[in-house]
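In: Please work out how this folds:
(chains A and B)
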Amino acid sequence: GEDVEQSLFLSVREGDSSVINCTYTDSSSTYLYWYKQEPGAGLQLLTYIFSNMDMKQDQRLTVLLNKKDKHLSLRIADTQTGDSAIYFCAETRRDDKIIFGKGTRLHILP
Amino acid sequence: GAVVSQHPSRVICKSGTSVKIECRSLDFQATTMFWYRQFPKQSLMLMATSNEGSKATYEQGVEKDKFLINHASLTLSTLTVTSAHPEDSSFYICSARVSGRVTGELFFGEGSRLTVL
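Out: Residues are numbered from 1 along each chain as shown, chains lettered A, B, ... in the order given. Have a look, this model is predicted:
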């Protein structure tokens, strides 16, 4: 399809790992991004991965990229209450536009 | 990191009036800025791409006479919602791409919530 797809909701217990998945559309996308949006706020770039990489780790965040399946995932280790937010996957398409998924709302259980 | 300032953060206006929203890159130059609209519980919809010194490029279905975009300098883009109606009520977010940076990552303003009565 033409949309960047993400599941809309994820519930995780505090201290567990969260894994948010995304399927993108353009096999020629050069950069893929994860953005975080806290309630009532704008977006914050969490991390990005270049298309020639399979994995990128940044502290508690791990990004995995499967180019063959056009699948991107974000793993948050040791999930904390402050991680509660909406996480958007985004891709840079060949026309240089950055297109977003609908966002995954991460809910942290005590 | 790069900072994008958006103003106002909230605005309430009467139906039929026009509202201007500003987007400024504070510590970097942005040749390209983007305007997004976010409906409740939905994703960001790209409205238009704003290029400094030239006309904005609008996405399909976005009325360019309704949503006027001006990008007069490398640090400022404005979105004017003309003759606003209640259905224009939404969260508008701007973003800027750092000129010359390889990654092409976007930096976002905090958003402007428009309520049209």
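
In: so where's the chain uncertain?
Out: Defaulting to chain A. Flagging of chain A using pLDDT under 70 yields the residue ranges A:1-2, A:95.

In: wrong one, chain B
Out: Within chain B, the stretches with pLDDT under 70 are B:1, B:41-42, B:99-105.

In: quick one: the helices in it?
Out: Assigned helices in chain B: none (criterion: DSSP state H).

In: In it, mark out all the strands, start to finish.
Out: Using DSSP state E, the strands assigned to chain B run over residues B:4-7, B:10-13, B:19-25, B:32-38, B:44-51, B:57-58, B:67-73, B:76-81, B:90-97, B:106-108, B:112-116.

In: swap in chain A?
Out: So, for chain A - with DSSP E - the strands run A:5-6, A:9-13, A:18-23, A:31-37, A:43-50, A:55-58, A:61-66, A:71-76, A:85-92, A:98-100, A:104-109.

In: Distance to B:Leu117 and mean neighbour count for those strands - can I get that in JSON lines?
Out: (Each C-beta comes from the backbone N, C-alpha and C, glycine too.) JSON lines is the format used below for these (distance: least, C-beta to C-beta, whole Å; neighbours: other C-beta atoms under 10 Å in any protein chain shown):
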{"stretch": "strand A:5-6", "distance to B:Leu117": "34", "mean neighbour count": "20"}
{"stretch": "strand A:9-13", "distance to B:Leu117": "32", "mean neighbour count": "13"}
{"stretch": "strand A:18-23", "distance to B:Leu117": "37", "mean neighbour count": "19"}
{"stretch": "strand A:31-37", "distance to B:Leu117": "26", "mean neighbour count": "22"}
{"stretch": "strand A:43-50", "distance to B:Leu117": "27", "mean neighbour count": "18"}
{"stretch": "strand A:55-58", "distance to B:Leu117": "44", "mean neighbour count": "12"}
{"stretch": "strand A:61-66", "distance to B:Leu117": "42", "mean neighbour count": "17"}
{"stretch": "strand A:71-76", "distance to B:Leu117": "39", "mean neighbour count": "20"}
{"stretch": "strand A:85-92", "distance to B:Leu117": "27", "mean neighbour count": "24"}
{"stretch": "strand A:98-100", "distance to B:Leu117": "29", "mean neighbour count": "22"}
{"stretch": "strand A:104-109", "distance to B:Leu117": "29", "mean neighbour count": "17"}
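
In: Before I go, just wanted to say thanks for your time.
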